[in-house]
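1. Return a 3D structure for these sequence lines:
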Amino acid sequence: MSSLARYAWFVVVFNVGVILLGALVRATGSGAGCGPSWPTCQGEVVPDLQGATAVEFTHRAMSGVALILVIALAVAVWRRVDKGEPARAGALLSVVAIVGEALIGALIVLAEWVADDASVARVVAVPLHLVNTLFLLAALTLTAFWLSGERRLGLRSDPGVKRAVILGGAALVVIAASGAVTALADTLFPSESLGRDFASAAHLLTRLRIIHPILAIAAASVGWWASGRFGMPRSRAAKALPVLVGLMIVTGATNVLLGVPVWMQLVHLVLADSLWIAYVLTSAQALQERQPVAISS
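-> Residues are numbered from 1 along each chain as shown. Sure, this is the predicted structure:
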């Protein structure tokens, strides 16, 4: 594996860490820690780091580092990889996605859709932010895949495989978006009992909580059927998928039983990110062509 490929995988892992920090900001209600100011924090470059301010500032700082790392990756790929190679497109899309992350984050802060805000705007912005995050992880993962595996995607003749890949990806995005809404509801309206979630006076967010587990279990069932119907690549990523799905279901149920503690939310999220990365890799392997990727020294 080339040094550029290793760096690309490092950027993937680093961004997963940044995503976890973002979840920590939301779960601890620290989104207003820097006030309605961006990119400064409390109007300062380096504020007094205490409490919520320290949590939010750390996330912003690490997000800035992630932006620099992704841009550096794109520059290196465009300098060292030949024209026409898919890694170039992946690196460019990664830059677009992480810039989108910064802009969406800035909008959320400046509009004050943070802390205890339960507005419709925030309910819409949070899953949209998550979808863009998945786009970023997919672009980075594919870039690292092309750089390390020396393979490009091809349009396989079997339409069933292509359809399964597209539908599976769409299902995971929808499930993740519903999970983001559920996590927001858990933060703003901690559940005391399932019955209260459906009471007439219950907030819309609490009523939406039940959608996420239903979608997850349904998608897991369909995914199990599809893997047997269309077959799966014999790779570590493909073998990891059913394990990650099982862990997601177990940690999701445990999360609810324990009253959604912050640490368990982070465990569930890192598994979700791992599942998405494994799915992107498995899909790429299912549609790949073997083509050499020329990387200059």
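2. could you pull out the strands for the stretch 101-250 of the chain?
-> If you assign secondary structure with DSSP state E, counting those that start in this stretch, the strands in the stretch 101-250 of the chain sit at 152-153.
3. which intervals of this structure have sub-threshold pLDDT?
-> Across the chain, the stretches falling below the confidence threshold (pLDDT under 70) are 149-158, 191-204, 207, 223-233, 289-297.
4. got the residue ranges for the helices in it?
-> Secondary structure of the chain by DSSP state H: the helices cover 3-27, 51-80, 86-110, 120-149, 159-188, 194-197, 204-208, 211-230, 236-257, 262-286.
5. Give the burial count for Ser37, as a bare number.
-> Per other CB atoms under 10 Å, the neighbour tally for Ser37 reads 13. C-beta here means a position set from N, CA and C on the backbone, and glycine is covered the same way.
6. That one contacts Pro47, correct?
-> No. Here Ser37 lies out of contact with Pro47, judged by CB atoms under 8 Å, at a distance of 9.5 Å.
7. and Gln285, how many neighbours?
-> Residues near Gln285, counting by other CB under 10 Å, number 18.
8. Tell me how far it lies from Lys83.
-> Counting by CB to CB, to the nearest Å, the gap from Gln285 to Lys83 is 25 Å.
9. Next, count neighbours for Ser119.
-> Taking other CB under 10 Å as the criterion, the count of residues near Ser119 is 11.
10. Same question for the one 5 residues further on.
-> Applying the criterion other CB under 10 Å, we find 12 residues in the vicinity of Val124.
11. same thing with Pro36?
-> Using other CB under 10 Å: Pro36 sits among 12 other residues.
12. Contacts only, for it.
-> Val109, Leu110, Glu112 (CB atoms under 8 Å, 6 or more residues apart in numbering).
13. and the residue nearest to the spatial centre of the chain, how far is that from Gly64?
-> Closest to where the C-alpha atoms of the chain average out (CA atoms, centre = their mean) is Leu134, at 4.0 Å. Computed as CB to CB, the Leu134 to Gly64 distance reads 21 Å.
14. Can you report how many residues lie near Gly17?
-> Gly17, neighbours per other CB under 10 Å, totals 14.
15. Once you drop chain neighbours, what's closest to it?
-> Setting aside the residues directly before and after it, Gly17 is nearest to Met62 in space (CB to CB, 6 or more residues apart in numbering), at 7.1 Å.
16. What is the end-to-end distance of stretch 106-115?
-> Using CA to CA, to the nearest Å, the gap from the first to the last residue of stretch 106-115 comes to 15 Å.
17. how about it: buried residues?
-> By neighbour count with 16 or more other CB atoms under 10 Å, stretch 106-115 contains the buried residues Ile108, Val109, Trp113, Val114, Ala115.
18. How about the backbone phi and psi for the fourth one?
-> Dihedral angles phi and psi of Val114 (degrees, to the nearest 10) take the values phi -140, psi 180.
19. my guess is it meets Ile108, correct?
-> Yes. Under the criterion of CB under 8 Å, Val114 makes contact with Ile108 at 6.4 Å.
20. Identify the contacts common to these two.
-> Taking CB under 8 Å, 6+ apart as the contact definition, Val114 and Ile108 share the neighbouring residues Gly31, Arg122.
21. hmm, back to that, could the helices of the chain go into a markdown table alongside distance to Gly43?
-> Converted to a markdown table, the helices of the chain look like this (distance: least, CB to CB, whole Å):
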| stretch | distance to Gly43 |
| --- | --- |
| helix 3-27 | 19 |
| helix 51-80 | 12 |
| helix 86-110 | 13 |
| helix 120-149 | 23 |
| helix 159-188 | 26 |
| helix 194-197 | 40 |
| helix 204-208 | 31 |
| helix 211-230 | 37 |
| helix 236-257 | 37 |
| helix 262-286 | 28 |
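22. Quick one: closest of those to Gln42.
-> Go through the helices of the chain one by one with CB to CB and the one that ends up closest to Gln42 is helix 51-80, at 6.4 Å.
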